[in-house]
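Asks: Sequence first, predicted coordinates after that:
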Amino acid sequence: MKTTEHRKPNKFLYLWPDMIDFEKHILDNGLRVLFHQDKSSPLVVVNVLYDVGSRDEDPERTGFAHLFEHLMFGGSVNIPDFDGPIQSAGGDNNAFTNCDVTNFYNLLPYQNIETALWLESDRMMQLNFNQEMLDVQKKVVVEEFKETCINVPYGDMWHELSKLCYKDHPYQWPTIGKTFDHIEKAQLSDVEQFFNRHYNPNNAILCVSGNFESAQTLELVKKWFGPIPPGPKRVRSLNEEKKQTQSRKLIKEAHVPGKNFIVAWHMVSRSDPDYYTFDLISDLLSTGKSARLTQRLLKNSNLYSGLSAYISGTMDPGLFIVDAKLSDEAKTDESIEKVMDQIQELKDNRVGDEELTKVKNKVISLLTFSELSILNKAINLCHFELMGDADLINGQAAKYEEIKAEDIQRVAQSYLRNDNNNTLIYLPHES
């Protein structure tokens, strides 16, 4: 054991929602371990986050992080099947991959926690690399690519938008990859190299959340993960996106049921203090029935059939996005202009106190509700630890509460500029 740390959140920090207490341990092989006890739950979560996503891929071999989400369920040295043991232990498991991370989670009764620790440690130690397994999972991923990106309307939106917005940073391709050819051409040696570089204890964070005994669980973690040797020390070096200096637009005719446009502005990274202001602006515009885009455009205009604003939430500087689906009679240019008028109003006029308080309460309420889940807490603790300190989870509500009307106006003026936006327009093929 290298270090043991018990963290008690600052009691003077903003106290709504309830503070999340946790323990932190670091094994000799570099694995960071977080424990959060919640005695109100009858279950326990074992969550493993790997610090690898699509931004870590070779531009000519994209989609590998997503491929590994599948490969990690394909069997390891001692375990031919992952679902069977978890289900026999009364639990369930799943995973997700995005631009920044790959995350695996298991939910089961505490008395069977060793099953989850055994499963996760075995596939971290050594996947069962063989050509047959790789071929099977490649076919699955290629079929998923076709079903979600090619054979459905607007399925290539993230491909087109990512290429339009990013010219230097690897966010220029989506998690599923640039093209399924990259997966079809993947060799066993490529896969082994990717695994050995990224899926090791010093590139992972383990969190146990729920109803468990800390001392006993720590011994089990040491038993199953302690013997795994650390991987090579990795220094991430990614191309930074150059500052955008002029507006970009792509018009695409496609087999889609209706006109649609997406406007994306470059914004800050997940760790930047202004991240929370961007998030609040997106809620101000489109979360709930009283949101501005909903009240002013969706309800009081026949131009739109759907309107939403959201942020990509990426570790490196991401995107602030407005997505609009248009009615048949709508003119695209007019519809875009009306959305831009709402953006301009954010820049010209400060948000009123009542509206700002209302949207803050809504955001903090949703945050409080989400943190009732032991699974959400486990995933978020790992995520904040990856950002630098798991205790950052306890400062979220305060970050939103501290936002002032002038912060919203400042951020809108600084980032939601015409020379910083990218517009993707879908038009139906005329027949």
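Replies: Yes, it's here.

Asks: Residue 29: which element?
Replies: Counting by DSSP states H and E, no helix or strand carries residue 29.

Asks: residues touching it, list them.
Replies: 201, 202, 225, 226, 228, 229, 230 (CB atoms under 8 Å, 6 or more residues apart in numbering). To be clear about C-beta, it is placed using only N, CA and C from the backbone, and glycine gets the same treatment.

Asks: For residue 207, see how far away the third one is.
Replies: Put plainly, it is residue 225. Per CB to CB, to the nearest Å, residue 225 is found 13 Å from residue 207.

Asks: what residues are up against residue 213?
Replies: residue 110.

Asks: re the thing from before, and residue 225 and residue 207? Which one has more around it.
Replies: For residue 225 versus residue 207, neighbours defined as other CB atoms under 10 Å are more numerous around residue 207 (27 against 21).

Asks: which residues does the more buried one bridge with?
Replies: On the basis of DSSP bridges, residue 207 is bridged to residue 34, residue 47.

Asks: how long is stretch 45-55 end to end?
Replies: By CA to CA, to the nearest Å, the extent of stretch 45-55 from end to end equals 27 Å.

Asks: roughly how far out does that stretch sit from the chain middle?
Replies: How far stretch 45-55 lies from its chain's middle: 10 Å, per CA atoms, centre = their mean, to the nearest Å.

Asks: Look at the spatially most central residue of the chain and report its pLDDT.
Replies: By CA atoms, centre = their mean, the mean C-alpha position of the chain lies nearest to residue 98, the distance being 5.5 Å. Residue 98 carries a pLDDT value of 97.

Asks: again, but for residue 419
Replies: 97.

Asks: related to what we said a few turns ago, closest to residue 60 out of the contacts of residue 29?
Replies: Nearest to residue 60, judged by CB to CB, of those is residue 202 at 26.9 Å.

Asks: That closest one - nearest residue in space that isn't next to it in sequence?
Replies: In space, and not counting its chain neighbours, residue 202 is closest to residue 30: 2.9 Å by CB to CB, 6 or more residues apart in numbering.

Asks: same check, this time on residue 114
Replies: Of all residues not flanking residue 114 in the chain, residue 220 sits nearest, at 5.6 Å (CB to CB, 6+ apart).

Asks: and if you look at residue 301?
Replies: The nearest residue in space to residue 301 (CB to CB, 6+ apart) is residue 338, at 7.0 Å.

Asks: The residue nearest to residue 114 sits in which helix or strand?
Replies: helix 214-225.

Asks: Please name every helix or strand in contact with the next helix or strand after that helix.
Replies: Moving toward the C-terminus from helix 214-225, the next helix or strand (DSSP H and E) is strand 248-254. Here strand 248-254 touches helix 157-165, strand 421-428, going by 3 or more CB pairs under 8 Å, 6 or more residues apart in numbering; DSSP states H and E.

Asks: thinking again about what came up before, and the residue nearest to residue 301, what does it touch?
Replies: 297, 301, 303.

Asks: Near residue 88, how many other residues are there?
Replies: Residue 88 - counted by other CB under 10 Å - has 10 other residues nearby.

Asks: so what's the backbone phi/psi at the nearest residue to residue 275 once chain neighbours are set aside?
Replies: Nearest non-adjacent residue to residue 275, counting by CB to CB, 6+ apart: residue 268, 5.5 Å away. Backbone geometry at residue 268, expressed as degrees, to the nearest 10, gives phi -90, psi 170.
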